[in-house]
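Asker: Quick one: sequence and predicted model below, then my questions.
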Amino acid sequence: MSEEVRFPFKRDQLEKWINVADKEELLILERDGEPIGFSITSIDDDTATLLALAIKKSERNKGFGSFFFSEMLKMMKKKGIKKFILFVHKTNKKAIAFYEKFGFKKAIEVIPMYKGKWK
């Protein structure tokens with residue numbers, strides 16, 4: 001059985017986010033014609049919010065994520081995006097280090113809310 005690239009969010013949640021935005025971008029990263037990653041970005045005026053970025057487990061730590069994210073940022077800049085927002089759980093040290101490599105810095109800390117209850 002082949003390994004899948006899974007969405008980190010429920011489908012209905014993604015559809016709601018995408019439907020609210022003025023525009024959305026779904027990008028697929030392929031290797032030898034096979035999808036190995038994707039990103040979903042919501043665009044509203046000159047602001048983009050990264051909703052999801054995933055690379056197939058077997059293809060991680062090979063530079064694909066860095067290449068993909070770098071190309072995505074270039075594309076957004078060409079589209080006139082001036083502000084790029086993303087959310088990372090504070091315990092996800094790998095993701096934080098990944099985004100810091102691209103110059104991102106923590107702007108605010110959001111109080112996590114799961115299933116309608118404050119943690």
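Answerer: Everything's here; your move.
Asker: What ranges in the protein fall below the confidence cut-off?
Answerer: By pLDDT under 70, the low-scoring segments of the chain are 1-22, 112-119.
Asker: how about the strands in it?
Answerer: 23-31, 34-44, 47-55, 83-86, 113-114, 117-118 (DSSP state E).
Asker: Quick one: closest of those to Phe67.
Answerer: In terms of Cβ to Cβ, the element of the strands of the chain nearest to Phe67 is strand 23-31, at 8.1 Å. (C-beta placed from N, C-alpha, C; glycine too.)
Asker: Give me the nearest residue to Ala95, chain neighbours excluded.
Answerer: Nearest residue to Ala95, sequence neighbours excluded (Cβ to Cβ, 6 or more residues apart in numbering): Val88, at 4.7 Å.
Asker: what's the answer for Gly80, then?
Answerer: That would be Asp46: by Cβ to Cβ, 6+ apart, it lies 5.8 Å from Gly80.
Asker: The longest helix seen in the chain: how far from the chain's middle?
Answerer: Scanning the chain for the helix with the most residues, using DSSP state H, yields helix 64-78. The chain centroid and the centroid of helix 64-78 are separated by 11 Å under Cα atoms, centre = their mean, to the nearest Å.
Asker: cool, and stretch 66-83?
Answerer: 12 Å.
Asker: Please list the outside residues in contact with that stretch.
Answerer: 25, 27, 29, 37, 39, 41, 43, 46-48, 53, 55, 84, 98, 101-102 (Cβ atoms under 8 Å, 6 or more residues apart in numbering).
Asker: hmm, 6 Å instead?
Answerer: Leu29, Gly37, Ser39, Asp46, Thr47, Ala48 (Cβ atoms under 6 Å, 6 or more residues apart in numbering).
Asker: buried subset of those?
Answerer: Buried by 16 or more other Cβ atoms under 10 Å: Leu29, Gly37, Ser39, Ala48, out of those.
Asker: closest to Lys94 among those?
Answerer: When the buried ones among the contacts of stretch 66-83 are ranked by distance to Lys94 (Cβ to Cβ), Gly37 comes first, at 15.4 Å.
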